[in-house]
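1. Got a predicted structure here, sequence first:
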Amino acid sequence: RAFTTSPAALAKNRLYANIRRPDELHTLLLLSASSNVPLITLWSASWCSACAAVRPVLKELLETEGVGEAQGGLGFAEVELDSVEIGTLGVDYMINSMPTLLAFSRGEAQVETKLTRPEEMKDRERLREWLEGEARRGG
């Protein structure tokens, strides 16, 4: 491999299709762990107005501003808790309120750092800080 003086390319954030079944989350967790990139999940429902307010802020930070890319990148998927095939997935990961932001690192849920308060998720700077911290953790 040749030496170079150019800066390393930043890892790009990846946004995945919404999760409607447990096996879809399992697949993304395997992909996340194998690529060493944390997976950020937004647990929501179609009827949740707070979720609808948080979603665009989160997507803008990840897609447009590339928050987390300098730290190695992030994966993102929304988990639809009102999907008929979701089963007990919310209970399995102790999702008690919506919206909830839960990061997965190396296939493990980072329950101690999950965000559950919508006011915190709507605060762009707080959300940026959280995303960068999760990206530094690695996948």
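-> Nice, thanks for sending it over.

2. Any idea which helix or strand in this structure has the lowest mean pLDDT?
-> Using mean pLDDT, DSSP states H and E, helix 118-122 stands out as the lowest-scoring helix or strand of the chain, at a mean of 93.

3. Give me the buried stretch members for that helix, please.
-> 118, 121 (16 or more other C-beta atoms under 10 Å). The C-beta positions use only the backbone N, C-alpha and C, and glycine is treated the same way.

4. Give me the contacts around the next helix or strand after it.
-> For helix 118-122, the succeeding helix or strand toward the C-terminus, using DSSP states H and E, is helix 124-137. With contacts defined as C-beta atoms under 8 Å, 6 or more residues apart in numbering, helix 124-137 is touched by 38, 40, 57-58, 61-62, 65, 67-74, 101, 103, 105, 110, 113, 115, 120-121.

5. filter these to the buried ones?
-> For the contacts of helix 124-137, buried by 16+ other C-beta under 10 Å: 38, 40, 58, 61-62, 67-69, 71-74, 101, 103, 105, 110, 115, 121.
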